[in-house]
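Novice: Dropping the sequence and predicted coords here.
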Number of protein chains: 2
Amino acid sequence: MSVIYNKVALIGLGLIASSMFWAMKRGGVAGTVSGYARSEATRDTARRIGLCDTVCDSAEEAVQDADLVVLAVPVGAMGAVAKSIAPHLKPGATVIDVGSVKRTVIADVLPHIPENVHFVGAHPMAGTEHSGPEAGFATLFDNRWCLIVPPEDTPEDPIARQEDYWRALGADIERMDPEHHDIVCAVVSHIPHLIAYTMVGVADDMRRVTDQEVIKFSAAGFRDFTRIAASDPTMWRDVFLTNKDATIEILGRFTEELMALQRAIRTGDGEQLHAYFTHTRAIRRGILEAGQDTDAPDFGRAKVER
Amino acid sequence: MSVIYNKVALIGLGLIASSMFWAMKRGGVAGTVSGYARSEATRDTARRIGLCDTVCDSAEEAVQDADLVVLAVPVGAMGAVAKSIAPHLKPGATVIDVGSVKRTVIADVLPHIPENVHFVGAHPMAGTEHSGPEAGFATLFDNRWCLIVPPEDTPEDPIARQEDYWRALGADIERMDPEHHDIVCAVVSHIPHLIAYTMVGVADDMRRVTDQEVIKFSAAGFRDFTRIAASDPTMWRDVFLTNKDATIEILGRFTEELMALQRAIRTGDGEQLHAYFTHTRAIRRGILEAGQDTDAPDFGRAKVER
């Protein structure tokens, strides 16, 4: 329970930023927290539920005197936001983004960052299928990874402080370079989301099976897909557009693999199918053993009261 | 709380059969329950945990005098089991299977069923990623669908009794013809499982991303995939081999759709992506409204004590 940044500014007040606020309050991590969201409705909601100590009507006002500025907007909007706040940043401040893609964000944001301010990429790997200012909760980051992705030549001090900050919010941290970050995340997160979106779309589009039937009989497998596919459309559009190279690469691998399984099904090669499914089950066991998941409902976590 | 079948025989003692046993006990649905599993280890486990009133060392013995015989073995084994028990079935008995595919099962099983015995397909759409005799629990079927799939020309009485039986186990029931059943299930369950298996396999196969990283950083999207992909390999092998036509048809649609999204990503068509993702989010809302899912952890259900 010690203050790591005296003043924190949250730009964007969705699931991640609102969870950061409640986690900061829980841990006594920040002196005061200001916030800004582009939508007036979001700002009104934030004021109503006590999200942020001060909700400002402009990003420029919110970042005044802030020691940490958090860009928590869709990945495609990071550059424009960085440009607008740049002249108002406090010397010595740290700016972070919390987006899911890093190469593009660094390329978009870094040119706007003044010499006496530091930029560090942060990617808290946590979320739910809910979005908006009311979706946040203090325990979202507990025992989840936050990848710390500093641009080349960032000095050690602001990076180490960022790591302390995320640890204080409950997260485990690991440093990664931007390119590696983007390919790892494409594999473990971006492509699985794209596939879930696709499958939900296909189901909806079937003529021999009605929408009502799809909805009525959706069992475990499909339910998990729809849960994933309910995530924020703007956020995910930007993820795919900005992590294009890794996405296209892994999609190619996926299609190749799926075609091999399709061929095994068509030719009746039960041995190949059984071997494949046994292998994936073993991978799942690895995930359990690595402690990234539990057998408990909702992976042992529950949305708790603030 | 009224006995619907005086004696029930469970052939195969995995997740579904063991859950049926606990649900029958909870509801007082059966007079006595006998059970058989091919593996001696499974029979020993069943005896140890009190699964079934009598665990028999042969399927032939288990079905003696049974009013309901439940085939709860992998889909590919249904025909052989039906053949071996056929001479020992009680006149007037009902035989059901609880497999995920119906056209093939009916074709495999029906020829062995004696004239004075009725066969009805049943597909309880419930499960977890766990398998085996210890995985079962009494509430598995509560408020889940059980599809009742009678072969053509089955008399009404045994069908209606089957429906009463599943309602007494906690399920909602709906009748469906075999062909329609298989395409609906391919869409809402089989293909999602295949895709989850594929994605987990691709992740494992990446060279630029280590297995350890995949496991370590697997976030929500990928975790859901690995959970699905941990399901029983033999069961799923048989599902795909026996529901080949519907699987291949829907895989074709899926690939087509995925290629369209891939093209949108490659050409930077953000509008198309956003529209697609917004649409799938709306489908998810439909699923919530249809009451097939809840916002609560584990869809509002929890594994409860027997």
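Specialist: Okay, I see it.
Novice: What ranges does chain A have for its strands?
Specialist: The residue ranges that make up the strands of chain A, judged by DSSP state E, are A:5-11, A:30-36, A:54-55, A:68-71, A:94-97, A:118-124, A:145-149, A:172-175.
Novice: possible to save those strands as a markdown table with distance to A:Thr42 and mean neighbour count?
Specialist: All C-beta atoms are positioned from the backbone trio N, CA, C, and that covers glycine. Compiled in a markdown table, those are given as follows (distance: least, CB to CB, whole Å; neighbours: other CB atoms under 10 Å in any protein chain shown):
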| stretch | distance to A:Thr42 | mean neighbour count |
| --- | --- | --- |
| strand A:5-11 | 11 | 25 |
| strand A:30-36 | 9 | 23 |
| strand A:54-55 | 9 | 19 |
| strand A:68-71 | 15 | 27 |
| strand A:94-97 | 19 | 26 |
| strand A:118-124 | 20 | 24 |
| strand A:145-149 | 24 | 23 |
| strand A:172-175 | 29 | 16 |
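Novice: Might you report the residue contacts of A:Ala171?
Specialist: Going by CB atoms under 8 Å, 6 or more residues apart in numbering or on different chains, A:Ala171 touches A:Pro124, A:Ala126, A:Phe141, A:Asp142, A:Asn143, A:Arg144, A:Trp145, A:Cys146.
Novice: got the domain boundaries for chain A?
Specialist: A:5-176, A:180-268 (automatic domain parsing).
Novice: nearest to B:Glu115, of those?
Specialist: domain A:180-268 (32.4 Å; CB to CB).
Novice: from the middle of its chain, how far away would that closest one be?
Specialist: 18 Å (CA atoms, centre = their mean, to the nearest Å).
Novice: Next: stretch A:140-147.
Specialist: 10 Å.
Novice: ok, and what's touching it?
Specialist: Outside stretch A:140-147, the residues that reach it (CB under 8 Å, 6+ apart) are A:15-16, A:19-20, A:23, A:121-128, A:166, A:169-176, A:181, A:185, A:301, B:216-217, B:219.
Novice: same thing with stretch A:255-266?
Specialist: A:269, A:272-273, A:276, B:194-195, B:197-198, B:201-202, B:205, B:240-241, B:244, B:247-248, B:251, B:255, B:258-259.
Novice: Contact partners for the residue nearest to A:Ile148 when sequence neighbours are not counted?
Specialist: Of all residues not flanking A:Ile148 in the chain, A:Arg175 sits nearest, at 4.9 Å (CB to CB, 6 or more residues apart in numbering or on different chains). The contact partners of A:Arg175, taken as CB under 8 Å, 6+ apart, are A:Leu147, A:Ile148, A:Val149, A:Pro150, A:Ile159, A:Glu163.
Novice: now, which of the residues you listed sits nearest chain B?
Specialist: A:Leu147 (7.5 Å; CB to the nearest CB).
Novice: Name the residue of the stretch 1-150 of chain A that lies nearest to chain B.
Specialist: Of all residues in the stretch 1-150 of chain A, A:Met125 sits closest to chain B, at 4.4 Å by CB to the nearest CB.
Novice: Neighbours of that residue, how many?
Specialist: Applying other CB atoms under 10 Å in any protein chain shown, we find 23 other residues in the vicinity of A:Met125.
Novice: thought it was touching B:Phe217?
Specialist: Yes - with contact defined as CB atoms under 8 Å, A:Met125 reaches B:Phe217; the gap is 6.2 Å.
Novice: tell me, what's touching those two both at once?
Specialist: Going by CB under 8 Å, 6+ apart, residues that sit against A:Met125 and also against B:Phe217 are A:Trp145, A:Leu147, A:Cys185.
Novice: what's the neighbour count on the closest residue to A:Ser231 other than its chain neighbours?
Specialist: Nearest residue to A:Ser231 in three dimensions, chain neighbours excluded: A:Glu129, at 5.5 Å (CB to CB, 6+ apart). Using other CB under 10 Å, A:Glu129 has 17 neighbouring residues.
Novice: Dihedrals phi and psi, A:Glu129?
Specialist: phi -80, psi 0 (degrees, to the nearest 10).
Novice: and the residue in the stretch 51-200 of chain A that chain B sits nearest to, how many residues sit next to it?
Specialist: Using CB to the nearest CB, the closest approach of the stretch 51-200 of chain A to chain B is made by A:Pro192 at 3.7 Å. Using other CB under 10 Å, the number of residues around A:Pro192 comes to 30.
Novice: I'd guessed it sits against B:Thr198; true?
Specialist: No - applying CB under 8 Å as the test, A:Pro192 and B:Thr198 come out as separate, 10.6 Å apart.
Novice: where does chain A have low pLDDT?
Specialist: In the predicted model, chain A carries pLDDT under 70 at residues A:1, A:219-221, A:223-224, A:287-288, A:290-306.
Novice: quick revisit: distance of the residue of the stretch 1-150 of chain A closest to chain B relative to A:Lys7?
Specialist: 26 Å (CB to CB, to the nearest Å).
Novice: next one: A:Val120
Specialist: 17 Å.
Novice: how about the helices of chain A, start to end?
Specialist: Applying DSSP state H to chain A gives helices spanning A:15-27, A:40-49, A:59-63, A:78-85, A:103-109, A:156-168, A:178-185, A:191-205, A:211-217, A:220-229, A:233-242, A:244-267, A:270-289.
Novice: Can you add distance to B:Val98 and give those back as CSV?
Specialist: Formatted as CSV, the helices of chain A follow (distance: least, CB to CB, whole Å):
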stretch, distance to B:Val98
helix A:15-27, 40
helix A:40-49, 47
helix A:59-63, 58
helix A:78-85, 52
helix A:103-109, 50
helix A:156-168, 47
helix A:178-185, 40
helix A:191-205, 24
helix A:211-217, 16
helix A:220-229, 15
helix A:233-242, 38
helix A:244-267, 22
helix A:270-289, 20
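Novice: near chain B, which residues of the stretch 1-150 of chain A show up?
Specialist: With CB under 8 Å from any CB of the partner chain as the criterion, the stretch 1-150 of chain A meets chain B at residues A:Gly76, A:Met125, A:Ala126, A:Gly127, A:Thr128, A:Glu129, A:His130, A:Arg144, A:Trp145, A:Leu147.
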